[in-house]
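J.: Show me how the following folds:
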Amino acid sequence: MESGPRRWGIEEILSRAQRLSEFFRRLTQRIPAASIDEALAVLSTTLNEVEDELSGIRYNPERWQTDGRLYPPLPDSRRPVPGHPDVTRWRSKGHNTYIRENGAVEIVTVREGEIVFRAPGGDGRGVWDD
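T.: Numbers count the residues shown, from 1 in each chain. Modelled structure (predicted):
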């Protein structure tokens, strides 16, 4: 069971769920984005900031499977979405992140298929909007 905030040195350490919540809160303040590249950059920068500040785990992408830190999508996890040539999917351990060419973002849990974050692109349209 995850515990609440703990003090570790100068930094506050939060649970994974708390860090995800903070990531989504900050992400909401930083988008909409106007392109896939911009949306991916905002996602990556924001997640790394949250993890640097609140996880107590050093950035080491070689240990992504075991260290407990959340990492942004990596290029090798990029996948096309059949029937949607303007949408790209990034697969991570627990989530699929969909980004449309307009910068719209949708993050969905792998196991439950639950949408945990959604934001329109720069043109106001969502990932799956016509």
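J.: Look up the closest residue to the residue most central in space within the chain, ignoring the ones flanking it.
T.: A centroid search over the chain (CA atoms, centre = their mean) returns L43, at 5.4 Å, as the residue closest to the centre. Spatial nearest neighbour of L43, chain neighbours left out: P72 (5.7 Å); criterion: CB to CB, 6 or more residues apart in numbering. (Glycine included, C-beta is placed from N, CA and C.)
J.: The one you found touches E51, doesn't it?
T.: No: the criterion here is CB atoms under 8 Å, and P72 misses it with E51 at 9.1 Å.
J.: does the residue nearest to the centre of the chain count as helix, strand or coil?
T.: helix (DSSP: H, G, I helix; E, B strand; the rest coil).
J.: thought it was touching L27?
T.: Yes: look at L43 against L27 with CB under 8 Å: they come within range, at 6.9 Å.
J.: Mutual contacts of these two, please.
T.: Common contact partners of L43 and L27 (CB atoms under 8 Å, 6 or more residues apart in numbering): V105.
J.: and the helix or strand hosting V116, what does it pack onto?
T.: Secondary structure assignment for V116, by DSSP states H and E: strand 115-119. Applying 3 or more CB pairs under 8 Å, 6 or more residues apart in numbering; DSSP states H and E, one finds that strand 115-119 makes contact with helix 16-30, strand 105-109.
J.: Single out the most deeply packed of those.
T.: Greatest average neighbour count among these goes to strand 105-109 (a mean of 20), per mean count of other CB atoms under 10 Å.
J.: Might you calculate how far that one sits from the centre of the chain?
T.: 8 Å (CA atoms, centre = their mean, to the nearest Å).
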